[in-house]
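Undergrad: this is a predicted model, with the sequence first.
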Protein chains: 4
Amino acid sequence: MPLSPDQQAEIDAQRAETRPTRRAVAEGMEARLYRAEPVLDHGFVRAIDYMGDDAAIVQAARVSYGRGTKAVQNDAGLIRYLMRHWHSTPFEMCELKLHVKLPVFVARQWIRHRTANVNEYSARYSILDREFYVPDPAHLSAQSEVNAQGRGAVLEGEEAERVLSWLREDAGRAYDHYEAMLSTDGQQGLARELARMNLPASVYTQWYWKVDLHNLLHFLRLRADAHAQWEIRAYADAICRMVADWVPLTWAAFEDYRLGGVQLSAAGVTCLKRMLAGERVTQETSGMSKGEWREFEGVWGG
Amino acid sequence: MPLSPDQQAEIDAQRAETRPTRRAVAEGMEARLYRAEPVLDHGFVRAIDYMGDDAAIVQAARVSYGRGTKAVQNDAGLIRYLMRHWHSTPFEMCELKLHVKLPVFVARQWIRHRTANVNEYSARYSILDREFYVPDPAHLSAQSEVNAQGRGAVLEGEEAERVLSWLREDAGRAYDHYEAMLSTDGQQGLARELARMNLPASVYTQWYWKVDLHNLLHFLRLRADAHAQWEIRAYADAICRMVADWVPLTWAAFEDYRLGGVQLSAAGVTCLKRMLAGERVTQETSGMSKGEWREFEGVWGG
Amino acid sequence: MPLSPDQQAEIDAQRAETRPTRRAVAEGMEARLYRAEPVLDHGFVRAIDYMGDDAAIVQAARVSYGRGTKAVQNDAGLIRYLMRHWHSTPFEMCELKLHVKLPVFVARQWIRHRTANVNEYSARYSILDREFYVPDPAHLSAQSEVNAQGRGAVLEGEEAERVLSWLREDAGRAYDHYEAMLSTDGQQGLARELARMNLPASVYTQWYWKVDLHNLLHFLRLRADAHAQWEIRAYADAICRMVADWVPLTWAAFEDYRLGGVQLSAAGVTCLKRMLAGERVTQETSGMSKGEWREFEGVWGG
Amino acid sequence: MPLSPDQQAEIDAQRAETRPTRRAVAEGMEARLYRAEPVLDHGFVRAIDYMGDDAAIVQAARVSYGRGTKAVQNDAGLIRYLMRHWHSTPFEMCELKLHVKLPVFVARQWIRHRTANVNEYSARYSILDREFYVPDPAHLSAQSEVNAQGRGAVLEGEEAERVLSWLREDAGRAYDHYEAMLSTDGQQGLARELARMNLPASVYTQWYWKVDLHNLLHFLRLRADAHAQWEIRAYADAICRMVADWVPLTWAAFEDYRLGGVQLSAAGVTCLKRMLAGERVTQETSGMSKGEWREFEGVWGG
């Protein structure tokens, strides 16, 4: 359970209160606002604020004086056109602010996306909580043998138990010593900015993360993907559900053109044209490397 | 008059409508929302949307679960601390979206600030209106003799009249030919993307411009400054008034630490310390160049 | 002819001089360095400096201590893998600095790409030259009837002559008045920052533009494209030739995966699979809009 | 000793080789290229590549055809002017690429500076080395009592020994288990992307980091500062020495206007003017908070 009763009470109090605004309001996001969606064993993601909606994208694309078209159908068509032709600036006109609690090793992947604003809980200034990510046995996977950055089968039996107990015990001991080093009871007490270095990458941190919709979709394309590490994908999937409620027309276009889309190389286009013409193409005759052909075949068959 | 009756009606309709939201609401900005503030002879700036308020900055700085402190005084102190110590990320947690109508030569200065999102009216796709900036005689200034990028005295008499009539006539003729080139009446009609090249830099364009508060303050520090060209400063000053109503605590800190503040070099610090000790310092004994000393003396006296 | 004899002499002097360096050296770019490639009637693009080469991309991807692999073949394979899987950071490790002379209306399109460093010639500080873009008759096109932002057939006969003479005369007159307003001969002389507003968007400006290879390729994908305005495409094409000489392995991968590649939507994938299975698909049965189907058919046939 | 003999040999081989280039060459940086400057117990920073020099800044500021002025004195004056008036774009025209080996907790502070390109060693793909930061006893400090994010006195006696042994032992045990979990000897072997979560924030990582000079100076202003954590400051100080050799005129201006400079608030300006007029000002009469006054007094005396 990631939230303390006090924290939950603060969130409930914020959700209970509404005030009138002249701004664009997205009902699908209002329903989600402030609520923590649990992710992993102690993490969450929750929307803190947002700016804009599908109509705001249309409005910006047209640099219009009012609220865009009356017809939802026209908005959908324009949004699909913008997405198909890689027009990014209208999507930048929407913004989302999230509060995320996440293990440090996930935070380190996440922060590589630089086109966002971040305010992280400071372990120089404050003391971190005793909370560590320990994978569910169903996600405790072996190293993949074919993909250097992937996972293989789930660990079994004693090996799984040994791994889980090491993860738990090493983290627990590290935290015991973290607290003991910080203590000023009968000693000077180590600086917080130094003591934190004893904590493992499984420890939870939290931050406020604010991003425009274009860059958020780029993040989701990479992180809600089968190649992403499962743990960050769990966060990305939760954000996908928020985005679908917030800007449903944009989400539908994104699913069609990005998540469900396929990028073909020039060589791939040539192969497909030959196949459409009835030719049988193999890796040897494709002009592709083995790796490329395996990916191509995965989509189109041999 | 920058707005047509239709445009004004669209704005009034948007201002008349409110809806409930759970988000942070800044009353000072709600009162301004959508309303066009006139700038120059045909331009305006109007707020289209915003995210956050002073409390949201405090909330982000603390990575908190609720709405920050109850006491405004504490918020003010923290915001002053953050501003004084150049903490930029909490201010990035607020966002403003503007609709701006402005001459092209102002737009060209403005766009140099890259950390913002922009959607400009497309003169490839659409036809520009017959609207050009012609300076008020009070701002029709001669080239400065001391500052290569500044203005001197106001032009007088026949010279002023001659300049104003050239600006008006050349723009008018350019627009006449723009229309004549575009016309498909008895001819093919030139492509819009080519015809626009005949229009002068005084022609008005418009855009949606979205920026976070930290980068907006940086923009205002440079453009609401005595060294900025008067025309862009007119826009910056109008935005300053919006920001003061939107995030009053942040605005007060910005005025104290940035707009009213002074940056001293190491040499300047040394000089001031000598002056505090009772010594009389001149340019010759200051270790500064003539230009630096002139700026130093302008603030501190000789 | 875009360069004065003095400018050409300065360029020749720089090209004549070499000095030893320990840095990565790309011979293909050294051969081009400083030389101005003419673009349009008075413009050019020339490489001023560069950082890195194909091997530097490999080296960064591996965070290696030395110069990457010995085998060019391995480098090519890794670069293709990075490009195929949208790994952007290794390509960011190369940098190019260009000096570009270009019409203002092209500069206004170019500057929308914000992830670059720009230093533009200041018309507040200096006086612009009497140089304007006037299209070659072969590129003087009518407005497209099917594409709101495109060009149709080339203008003919009297219409073409009329357009060209207006473009020339209006620009010439605007420049005459620009000079007359600036003159301090018997008058005060208008400030340069104001006088420039009389000049049309066809006037040439120049800037230094520095960008990393990843963002440069993104720029080229959008601007060396059939949908880009012909004038900016002329610059993009010239830069493409430089990049091909500078980082040939990266260029080959870019041509295969981006310039020659095709992005398919989920709907497009489904249609292609049906076609591969022998079905005849039409717009009505495709699930695509007319616009999407037209683009799909353009690549794959009906 | 941070480098293996093989790594040192690769570096020596690269240093031994020079090739001719037409580009700007900075002798002070050539002398340093590739060489690892040791930082902390196992870390280093080394320059891998650079673009530009002091003259390139001048050249960009002038958008010139050749190599800027002949006179170093003129270059120095212009660079000082640009720095004093916060002109950032000319400094963006130089670029530096570093290879850095650093503890993870330092990397997490460093990466907050987003305007740079980063390629980090992947612990999903590769196995991290058994190297952990353990502070020198001289830098093992207690928590500051006045500054929530600062350090106080150095730890002494048994407390210091206890802390050091915990830091060493916990890291060692965590690494033992990391290796044991990865092992495929008689077991499946945990995925690398999971096993790494057991390692503490003191473990060393490495990356390529590329940044333009303007953003580098901003980084150095914040991180080569007394308020920065000592460990990241050790890296910043090493980079400062590189920059001083690379662009000596820019470095001198930076020292004068930024590192040695002082930012005064409007209230601070008023107080100083009163003091210059002979008045005695105290915190009570200053209009500043206690915190601000303490900082003010620290520079100017009471």
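TA: Received it, and whenever you're ready, just let me know what you need. Residues are numbered from 1 along each chain as shown, chains lettered A, B, ... in the order given.

Undergrad: tell me the spacing between A:A244 and A:A238.
TA: 11 Å (CB to CB, to the nearest Å). For every residue, glycine as well, the C-beta is placed using N, CA and C.

Undergrad: the two: who's more crowded?
TA: A:A238 (19 against 15; other CB atoms under 10 Å in any protein chain shown).

Undergrad: wait, that one sits on A:V45?
TA: Yes. In this structure, A:A238 is within contact of A:V45 by CB atoms under 8 Å, at 5.1 Å.

Undergrad: what segments of chain A are helices?
TA: Counting by DSSP state H, chain A has helices at residues A:5-16, A:27-30, A:54-62, A:72-84, A:104-110, A:157-182, A:192-195, A:213-223, A:230-246, A:248-254, A:266-276, A:283-286, A:290-300.

Undergrad: which one of those helices lies nearest to B:T89?
TA: helix A:104-110 (14.8 Å; CB to CB).

Undergrad: before we move on, the earlier item: make a markdown table from the helices of chain A and add mean pLDDT and distance to D:A195 to it.
TA: Compiled in a markdown table, those are given as follows (pLDDT from 0 to 100; distance: least, CB to CB, whole Å):
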| stretch | mean pLDDT | distance to D:A195 |
| --- | --- | --- |
| helix A:5-16 | 94 | 32 |
| helix A:27-30 | 98 | 38 |
| helix A:54-62 | 93 | 43 |
| helix A:72-84 | 89 | 39 |
| helix A:104-110 | 97 | 10 |
| helix A:157-182 | 98 | 8 |
| helix A:192-195 | 97 | 24 |
| helix A:213-223 | 97 | 21 |
| helix A:230-246 | 98 | 13 |
| helix A:248-254 | 97 | 34 |
| helix A:266-276 | 95 | 36 |
| helix A:283-286 | 94 | 34 |
| helix A:290-300 | 91 | 25 |
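
Undergrad: which neighbours do A:A238 and A:V45 have in common?
TA: A:37, A:39 (CB atoms under 8 Å, 6 or more residues apart in numbering or on different chains).

Undergrad: about what we covered before: for C:T205, which of the helices of chain A is the nearest?
TA: helix A:54-62 (27.6 Å).

Undergrad: how many other residues sit next to the closest residue to chain B within the stretch 201-302 of chain A?
TA: Nearest to chain B in the stretch 201-302 of chain A, going by CB to the nearest CB, is A:Y208, at a distance of 4.6 Å. Using other CB under 10 Å, A:Y208 is surrounded by 26 other residues.

Undergrad: quick one: it and A:K101 touch, right?
TA: No. Assessed by CB under 8 Å, A:Y208 is found out of contact with A:K101, at 11.1 Å.

Undergrad: where's the closest residue to A:F132 other than its chain neighbours relative to chain C, distance?
TA: Closest residue in space to A:F132, ignoring its immediate chain neighbours: A:A171 at 4.1 Å, by CB to CB, 6 or more residues apart in numbering or on different chains. From A:A171 across to chain C, the span is 28 Å (CB to the nearest CB, to the nearest Å).

Undergrad: next one: A:E156
TA: Distance, A:E156 to chain C, by CB to the nearest CB: 31 Å.

Undergrad: repeat for A:Q8
TA: Separation of A:Q8 from chain C (CB to the nearest CB): 39 Å.

Undergrad: what's the burial count for that residue?
TA: By the measure other CB under 10 Å, the count of residues near A:Q8 is 14.

Undergrad: cool, and A:H85?
TA: Neighbours of A:H85 (other CB under 10 Å): 12.
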